[in-house]
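Colleague: Structure, please.
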Amino acid sequence: MKVRLLYLGNQLSKHGLNTTTIETLGPDLERLGFEVVYASSKKGFVFRLLDMLGAILMHRKKLSYILIDTYSTKAFWYAFLAAQLAQFLKINYIPILHGGNLPNRLKNNPKLSRRLFSNAYRNVAPSGYLKQVFEAEGFTNVVLIPNAIAIEKYTFKNRINLAPKLLWVRTFASIYHPEMAIRLLQQLQKTYSEATLTMVGPDKDGSMQTTKALAASLELPVTFPGQLSKEAWWQLAAEHDIFINTTHFDNTPVSVLEAMALGLPVVSTAVGGIPYLITPDVTGKLVPDADTDAMVAGITELLQQPEQGQLLIQNARSFVAQMDWDVVKEKWVEVFK
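Modeller: Residues are numbered from 1 along each chain as shown. Reported below is the predicted structural model:
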C-alpha cells in the first residue's frame, strides 16, 4: 500500500523568507516513492492555519500520516491545532521538532504540550539535544533523525591560511542576535583592520534595519545581500573563511551544517543543540551566549593558528558526511513502516 503524507509547514521562500524543512525534506521523501501533499504557502498566520486545517479535511480519507513542522513560537499553534484535528479524525501525525526554544514551551505550557506530543505517532527530533529534553519530560515516542544534506552538492574548499573574512547566514531576528556580529567585527578590526563581514538572510522582526544602522554608525565594512538562494550563498561562501553563528537559541541549524560541508570553520555560541553538533576544538569553536569577547578570541585563534583551522575543517567535513541524505533516508523509511 502506498504511503500518503500530508506535510504541514511554512512554505514561504517564494515570499522572500528562508527555505524551511518542508521545502527540502518533502521533495526528498517524494523521491523515495512517498506521495506528499503540502500546506501551506499562504501569507498571514490565519490564512496559513486555515489552509492547513482545510488540507487535513480535504485529504483525510487518503492519508497515512501527517507530518507537522513544529516550532516553539507563534507557529506552535499550527502544530497544536492541526494535531487536535488529526486526533479527532484518527489520523497518525508526526511532529518534526524545530527551534532550540522548544524546551521552554514544554515548561511554560505543559498541558498543551502533552496533548500535542504524547498523542503523536512519533516525535522526530533532529538533534540529540531535543531528544534528551523530551525524554527527560517523560515522552517515550521520540526518534532521532538529523537534518540531512546532500553532501555531493557542496563544493568543499580546503582553506589553508584563513583570512578575517566572516560570513553570517540566518534570518534577521532578535533570537539570532545579529547585532553581536557587528560588535565582534568592531573588536576584531582593532587587530585585523582588513576584517570584513557578510550577513545573508531575510528580515523577520526589524532586526535587519537595526543591524544595518549599527554597522553604519560604526562605519564598518558589512555587506547585506539580503535573501539568497542556497546555491547563491554557497557560491558566496567561497569568498569567505570563517562562519559565525551568534544565536541565543538553536537546535540543529542547517546553515551550520552547510558551512561545515563547504569547508568553513564555525565559531558559534554554545546554546540549545549546538554543543551536540559541534565538539569544541574538534569540529568547531564554541563560546558562551552573547560573549562577544570570547567569539573574537576564538576567531583570532583560528587566524593565528592555521593548523588548528585545518583540523577543524577536516573534522567538520567528516562529521557532516554522516548526515548525508543517503544515510538519513533509511531512518525516515523506518518511521513509516
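Colleague: thought M52 was touching Y7?
Modeller: No: between M52 and Y7 there is no contact under CB atoms under 8 Å: 10.1 Å. Where C-beta positions appear, they are placed from N, C-alpha and C, glycine not excepted.
Colleague: Now the common contact residues for these two.
Modeller: A39 (CB atoms under 8 Å, 6 or more residues apart in numbering).
Colleague: confidence score at the closest residue to A195 other than its chain neighbours?
Modeller: Spatial nearest neighbour of A195, excluding adjacent residues (CB to CB, 6 or more residues apart in numbering): P164 at 3.7 Å. For P164, the pLDDT comes out at 98.
Colleague: what's the answer for L257, then?
Modeller: On the pLDDT scale, L257 gets 95.
Colleague: cool, the one 4 residues further on as well?
Modeller: According to the model's per-residue confidence, A261 sits at a pLDDT of 96.
Colleague: looking at this, it is in a helix?
Modeller: Yes: counting by DSSP: H, G, I helix; E, B strand; the rest coil, A261 is located in a helix.
Colleague: list the contacts for P27?
Modeller: Going by CB under 8 Å, 6+ apart, P27 touches V36.
Colleague: C-terminal to the helix or strand harbouring it, which secondary structure element comes first?
Modeller: Following DSSP states H and E, one finds P27 within helix 22-31. The helix or strand immediately downstream of helix 22-31 is strand 35-39, counting by DSSP H and E.
Colleague: Name the strands paired with that next one and say parallel or antiparallel.
Modeller: Sheet pairing of strand 35-39 (DSSP bridges) gives strand 4-8 (parallel).
Colleague: Would you check that my belief about the residue nearest to A195 contacting Q304 is correct?
Modeller: No: P164 is not in contact with Q304 according to CB under 8 Å; the separation is 10.9 Å.
Colleague: which secondary structure element contains M58?
Modeller: Using DSSP H and E, M58 sits in helix 45-59.
Colleague: Not counting sequence-adjacent ones, nearest residue to the residue nearest the centre of the chain?
Modeller: Computing the C-alpha centroid of the chain and ranking residues by CA atoms, centre = their mean puts P253 first, at 2.7 Å. Take P253 and drop its neighbours on the chain: the residue closest to it by CB to CB, 6+ apart is N245, 6.8 Å away.
Colleague: ok, now K74?
Modeller: Nearest one to K74, counting by CB to CB, 6+ apart, is F45 at 6.7 Å.
Colleague: what does Q84 give?
Modeller: R115 (7.4 Å).
Colleague: can you pull the contacts of the one you found?
Modeller: Residues near R115 by CB under 8 Å, 6+ apart: F80, A83, Q84.
Colleague: For it, grab phi and psi.
Modeller: Dihedral pair for R115: phi -60, psi -40, per degrees, to the nearest 10.
Colleague: ok, now how distant is it from A297?
Modeller: Noted for R115: a distance of 45 Å to A297, by CB to CB, to the nearest Å.
Colleague: And for L12?
Modeller: Distance of L12 to A297, computed by CB to CB: 37 Å.
Colleague: So between the two, which is more surrounded?
Modeller: Legend: neighbour count by other CB atoms under 10 Å for L12 and A297, higher for L12 (19 against 15).
Colleague: mind checking how far that one is from L312?
Modeller: 33 Å.
Colleague: ok, the contacts of R115 vs D326, which is closest?
Modeller: A83 (30.9 Å; CB to CB).
Colleague: host element of that closest one?
Modeller: Using DSSP H and E, A83 falls in helix 76-89.
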